[in-house]
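**Student:** A predicted structure for the sequence below; I have some questions about it.
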Amino acid sequence: MRRGLQDASRRRYYRKIAVQKKRLQEAGVSKREVLDLLACCRSARCGFRACLDCTQRLL
């Protein structure tokens, strides 16, 4: 069974951050830290936390 519409927004978001994820991995950041950052970026509270490396950061 395909999960097309249910996963479309997630896939779209992952494509947006693929460049940032690759850059972090090439810089030697551990896989766990990258996954934690991505989880933060996907959370609804991310803009309020203002992560330094986040794509949705408040300026």
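**Tutor:** Nice, I can see it.
**Student:** Now Arg23: which helix or strand?
**Tutor:** According to DSSP states H and E, Arg23 maps onto helix 4-26.
**Student:** Could you measure from Lys31 over to Arg15?
**Tutor:** Going from Lys31 to Arg15 by C-beta to C-beta, to the nearest Å gives 19 Å. Backbone N, C-alpha and C define where each C-beta goes, glycine included.
**Student:** Also Leu24?
**Tutor:** Look at Leu24 and Arg15: by C-beta to C-beta, they are 16 Å apart.
**Student:** So for the two, which sits in the more crowded spot?
**Tutor:** Legend: neighbour count by other C-beta atoms under 10 Å for Leu24 and Arg15, higher for Leu24 (18 against 9).
**Student:** Is it correct that that one is in contact with Leu35?
**Tutor:** No. Using C-beta atoms under 8 Å, Leu24 is not in contact with Leu35, being 10.4 Å away.
**Student:** Count the neighbours of the residue lying closest to Lys31 once chain neighbours are set aside for me.
**Tutor:** Excluding its sequence neighbours, the residue lying closest to Lys31 (C-beta to C-beta, 6 or more residues apart in numbering) is Gln25, at 7.4 Å. By the measure other C-beta under 10 Å, the count of residues near Gln25 is 13.
**Student:** For Gln25, give me the pLDDT.
**Tutor:** According to the predicted model, the pLDDT of Gln25 comes to 88.
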